[in-house]
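Enquirer: model this:
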Amino acid sequence: MIAVTVTHPIDAPLHPLPLQAAEVPWPADDWPVGELPGGVLPDALIAEAFDPEGPLHQTYAMVVVNRGRLVFERYGGLLPQWDKPGRPVLRETPLLSWSMAKSLLHAVVGMLVAEGRLVLDDPAAVPEWQAPGDPRGAITLQHLLDMRDGLDFSEAYEDPEVSDVLQMLFGRGQPDMAAFAADRPLAAPPGTRFNYSSGTSNVISGIVAREVGPGEAYRQFLAGRLFGPLGMTSATTTFDDAGTWVAASYVYATARDFARFGLLYLRDGVWGDRRLLPEGWVDHGRRPRSVDPDDGDYYGSHWWTREGPFG
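Expert: Alright, predicted model coming up:
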């Protein structure tokens, strides 16, 4: 069991996680299939999801799993390509995770915490913060996972001149994204302010890289400990020049393979007869800890979540 000392702004019971039905096989090379329950996914809702003029603008894939069985999937749209017409999205098409990668990073951190290689409430092992008197030395790994590190990092995507995230992903911070983000000063004392930040995720990924080894060693850790056991055969990751997985944004996988990861968390970190994540780690991620001041959404630890018993 993972014990975490943290103040929860929202103290409510979590909805119990369901068990995998004994008669339903775990996904192997393919998913077990079933019927979509009536009324769960109206045709009008599906049409709205895939309407490029609708609220979601562009949906490439929808995969629905119910009680461990694949009950619905649909694909659509064209993936843009710079030098040729767009590529149709099919079941086999790898799709970019964007911020879903942050939640995969949460799983990786849980594995290392379970082994005692990382400690949540210890000061984060970030070289840029180790100088005597540096106030960033008070930032813990838990602060980082909760997006409550206090770093002055702008996640705005409009103006590249003031956007830290655009400079990190596409500009001067691109060669070593973890170092770029770690170099930001504090805007608030650690633990006191929620600020959603892709830079924070890459700082964490830099910590993981220093623990498991950068570059190919990190890639093999992901393949052997996460993607391989789940059967996510399509999953690939992007690394920067420093050998750090860009865990804020960059995993490519098919929609079905992303659904495998979702099922891992729905089943409390267990896959088949193996526990891949330590007991309590899924609850650690999904328990609401912060409210986003911009839109009122709830955030746990590298997972967006929900208030009350639905978290």
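Enquirer: Which helix or strand lies directly C-terminal to the strand or helix carrying Tyr252?
Expert: Using DSSP states H and E, Tyr252 maps to strand 251-253. Using DSSP H and E, the next helix or strand after strand 251-253 towards the C-terminus is helix 255-266.
Enquirer: Show residues contacting the helix or strand following that following helix.
Expert: Once helix 255-266 ends, the next helix or strand along the chain (criterion: DSSP H and E) is strand 270-271. Identification of contacts with strand 270-271 by C-beta atoms under 8 Å, 6 or more residues apart in numbering yields Gln20, Trp26, Pro229, Leu230, Leu264, Leu276, Leu277. Heads up, the C-betas are built off the backbone N, CA and C, glycines and all.
Enquirer: before we move on, what about stretch 273-283?
Expert: Under C-beta under 8 Å, 6+ apart, the answer for stretch 273-283 is 1-3, 14, 17, 107, 110-111, 113-114, 225-226, 229-230, 264-265, 268-270.
Enquirer: Flag every buried residue along it.
Expert: Leu276, Leu277, Pro278, Gly280, Trp281, Val282, Asp283 (16 or more other C-beta atoms under 10 Å).
Enquirer: Using PDB, list the CA coordinates for it.
Expert: Coordinates of each C-alpha in stretch 273-283 appear next as PDB, following Å, rounded to 0.1, in the frame of the first residue of the first chain:
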ATOM      1  CA  ASP A 273      -2.600 -12.300 -12.800                       C
ATOM      2  CA  ARG A 274       0.000  -9.600 -12.400                       C
ATOM      3  CA  ARG A 275       0.000  -6.400 -10.300                       C
ATOM      4  CA  LEU A 276       1.900  -3.900 -12.400                       C
ATOM      5  CA  LEU A 277       1.200  -0.900 -10.100                       C
ATOM      6  CA  PRO A 278       1.500  -0.900  -6.300                       C
ATOM      7  CA  GLU A 279      -1.700  -1.300  -4.300                       C
ATOM      8  CA  GLY A 280      -3.200   2.200  -3.700                       C
ATOM      9  CA  TRP A 281      -1.400   3.900  -6.600                       C
ATOM     10  CA  VAL A 282      -4.500   4.200  -8.800                       C
ATOM     11  CA  ASP A 283      -6.400   5.900  -5.900                       C
END
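Enquirer: quick one: it to chain centroid distance?
Expert: Chain-centre distance of stretch 273-283: 16 Å, with C-alpha atoms, centre = their mean, to the nearest Å.
Enquirer: cool, stretch 84-102 as well?
Expert: Relative to its chain's centre, stretch 84-102 lies at 16 Å (C-alpha atoms, centre = their mean).
Enquirer: Can you name the residues in contact with it?
Expert: So stretch 84-102 is contacted by 60-61, 73, 75-81, 104, 198, 201, 234, 236, 246-256, 258, 261, 302-303 (C-beta under 8 Å, 6+ apart).
Enquirer: re earlier: could the contacts of strand 270-271 go into TSV alongside pLDDT?
Expert: Formatted as TSV, the contacts of strand 270-271 follow (pLDDT from 0 to 100):
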residue	pLDDT
Gln20	94
Trp26	97
Pro229	98
Leu230	98
Leu264	98
Leu276	98
Leu277	98
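Enquirer: one step back: counting only helices, which of the buried residues of stretch 273-283 make the cut?
Expert: Trp281, Val282, Asp283 (DSSP state H).
Enquirer: which one of the residues you listed is nearest Leu36?
Expert: Val282 (25.7 Å; C-beta to C-beta).
Enquirer: where do the helices sit along the protein?
Expert: 43-49, 100-114, 141-145, 164-170, 177-182, 198-212, 216-222, 228-230, 255-266, 281-286.
Enquirer: from the middle of its chain, how far away would the fourth one be?
Expert: When you say that, I think you mean helix 164-170. 18 Å.
Enquirer: And it, what's buried?
Expert: By 16+ other C-beta under 10 Å, the buried positions in helix 164-170 come out as Asp164, Val165, Leu166, Gln167, Met168, Leu169.
Enquirer: circling back: most neighbours of all the contacts of strand 270-271, which one?
Expert: Greatest neighbour count in the contacts of strand 270-271, by other C-beta atoms under 10 Å, goes to Leu277: 26 neighbours.
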